[in-house]
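Q: Could you look at this predicted model? Sequence included:
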Amino acid sequence: MTTTTQRRSRPWNRYRTQAWLGKAFVHAILIVLGLACLIPMMLVISISLSDELALVKSGYQLYPVGFTTAAYDYILQQPGQMLQAYAVTGLVTILGTGFGLLFSSMLAWPLARQDFRLRGPLSFYVFFTLLFSGGMVPFYILVTRYLGLKDNILALILPYLVTAWYVLILRTSFAQLPTELLDAARIDGAGEWRIFFRIVMPLSKPVLATIGLFYVLRYWNDWFLALLFINDSVLYPLQYLLYVLMRNISFLASNPQTTGVPIPTQSARMALAVLAFGPALFTFLLLQKYFVRGITIGGLKG
Amino acid sequence: MQANNLKSPATKSGFFSRWIGGQRAWETNLSLLTMALPGILLLFVFAYLPMFGIIIAFKDYRFVDGILGSAWVGMENFRFLFGTDTAFRITRNTLVMNSIFIATTTIGALLVAILMNEVYQSRMSKYYQTMLFFPYFISWVIASYFVFAFLNGSTGLANQIIERFGGDPPSWYRTPEAWPLVLTVAHIWNSIGFSSIVYLAGILGISPELFEAAKIDGAGKAAQIRYITLPMLYPLIIILVLLAIGRIFHADFGLFFFVPRDTPMLYSTTDVIDTFVYRSLVQLGNISMAAAAGFYQSTVGFVLVITANWVVRRINRDYSLF
């Protein structure tokens, strides 16, 4: 009874109606904006599930026209190139993320230490790379002529391994570790390497997860290094393969036995895009909160 | 760290040892330096060596002679670059498009952040954030497929919609005038989630007491936004915009290269410094031209970053990069 009277004491008056309408309006706008962000993806998925001839007749629609999985069947029948690209991207992502995290942390930890004498100069050394870069041309000449890494998988990994921005975020986070633990370990006679691997790294799992995800997406989504350094189709990473296929879908049909079979050009192309962004989308949905936190850490002063 | 010094007094003599602070500290510093070494080397090779390499802008680069061995030509490459219309076109496109991006993204992200804040308590807000944030994780190669699905010839969705409303859809990939709009929409789509999260964090940081006080004084939502939210965000807005202006000479290569599908007919509005450098370098093999344009971008960009940072520092030290 009391609750009812309390409710009655706040009548559904004009102000509450206005507030409710206001909120509903805000929700409506955000739903529309959110859908606008998703529509391109839905369009591409529905094209990939459409019948080739129906597409020509009715154009691209937000729903699959003449639903069929022919495009996926076609790709999976000759998966050589696609699988190869997945393998290259997977290898590059795993090695790049693993060693990138390791080397960046190993650089960030000394920079977080008050008793490291080269802290100042080395911090500047890292930071300066954010301000000035030699640009694409010297970078290209360095990698191709002097390091001889053209058409070498290392060219897809090494350049991104140590990124100043990540090092500075890690340093900020490492500097906030409780010193008592470190001092205790030191008194127990632990060396610097032991402290780093046994205490610093395990205590920093959250920030390592965040930076690790930055690395994963950076390597997974990278096309730039392949655009510059890879000509050999065996080493095409996923994104670069997609770029090549956008220009020339018949590249996929490199298998001579299948020439003559009509390629579902339009839908196969979009099916490839779906197969490429699928894993990235999945990772994103699973680990979104780490990214959001990463943006907030990233706002910290370098 | 002080404890170390107490525990192990200096055993080595000499200036270096004293500067370090004793045997134990010396060992510590050596370990830490060894630890940092891979990172130092990688940065040296992939960031610092290219910095020195920009001298090729003043050389007639030949592959066999290398960077050091090629002949000096002074300002010849720059005379060649600025003697064409291209230099003006790529500079204009870079500056104009980046300016449009900064303005539209800032305003859009602020609006979204304010709206998100209004429904922040709701369960739905998490889903809105996910939907808006998602495009940020899509590479430009894949985004170019998305754009293609809208703009392709007769089948594209945008064209069908225009036709349904009785319009005459342009042939997008042959109409340079349309591309500033297309690229702006693509850029907003890509970045609005990210930027709005930054502003939302700013709004959530505003003391709730300010809003309470305003409510008691009879301020409605609009007045609260106008007199509290926006003024409290001004420092953040100004700083983010200034930092973006510091990067205004650097275009988003993926957006300008993949989304227009590197179509020569569209270069008049889509060619920016970065795409020009890439094309000259890799597709045309005109290294001198690419090097000159790259040098121009690196140096002007550097001056802009330093200037922008200096201004930010004058406003609020905490937000400056250095």
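A: Looks like it came in fine.
Q: where along the stretch 1-150 of chain B do the strands fall?
A: B:59-60, B:71-72 (DSSP state E, counting those that start in this stretch).
Q: now check the first one, is it near chain A?
A: No: no part of strand B:59-60 sits close enough to chain A to count as contact by Cβ under 8 Å from any Cβ of the partner chain; the gap is at least 11.0 Å. For glycine as for every other residue, the C-beta is placed from the backbone atoms N, C-alpha and C.
Q: Does anything pack onto that strand? Which helices or strands?
A: The elements that strand B:59-60 packs onto, with contact taken as 3 or more Cβ pairs under 8 Å, 6 or more residues apart in numbering or on different chains; DSSP states H and E, are strand B:71-72, helix B:287-315.
Q: Would you give the sheet partners of that strand, along with the direction of each?
A: Paired strands of strand B:59-60, with direction, are strand B:71-72 (antiparallel) (DSSP bridges).
Q: okay, the strands of the stretch 1-150 of chain B, which one's buried deepest?
A: strand B:59-60 (a mean of 18; mean count of other Cβ atoms under 10 Å in any protein chain shown).
Q: now that strand: mean pLDDT?
A: The average pLDDT for strand B:59-60 rounds to 90.
Q: For residue B:316, find the nearest of the strands of the stretch 1-150 of chain B.
A: strand B:59-60 (42.8 Å; Cβ to Cβ).
Q: shaky segments in chain A?
A: A:1-12, A:79, A:249-263, A:294-302 (pLDDT under 70).
Q: Now do the domain split for the chain, please.
A: By default, I'm working from chain A. As given by automatic domain parsing, the domain ranges for chain A are A:12-68, A:71-298.
Q: Correction: the question concerned chain B.
A: Taken from automatic domain parsing, chain B resolves into B:2-58, B:77-319.
Q: Export the ones you listed as TSV, with columns for distance to residue A:76 and mean neighbour count.
A: Shown next, in TSV, are the domains of chain B (distance: least, Cβ to Cβ, whole Å; neighbours: other Cβ atoms under 10 Å in any protein chain shown):
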stretch	distance to residue A:76	mean neighbour count
domain B:2-58	38	17
domain B:77-319	19	18
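Q: I'd like to know which of those domains is closest to residue A:45.
A: Residue A:45 sits nearest to domain B:77-319 of all these, at 10.0 Å, using Cβ to Cβ.
Q: and the domains of chain A, which is most packed in?
A: domain A:71-298 (a mean of 18).
Q: gap between it and the chain center?
A: Distance, stretch centre to chain centre, for domain A:71-298: 8 Å (Cα atoms, centre = their mean, to the nearest Å).
Q: Same question for stretch B:80-89.
A: Put simply, stretch B:80-89 sits 24 Å off its chain's centre (Cα atoms, centre = their mean).
Q: how about the domains of chain B in CSV, adding distance to chain A?
A: Output for the domains of chain B, formatted as CSV (distance: least, Cβ to the nearest Cβ, whole Å):
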stretch, distance to chain A
domain B:2-58, 3
domain B:77-319, 3
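Q: what sits against residue B:289?
A: B:77, B:80-81, B:280 (Cβ atoms under 8 Å, 6 or more residues apart in numbering or on different chains).
Q: err, residue A:67, not the other one
A: A:49-51.
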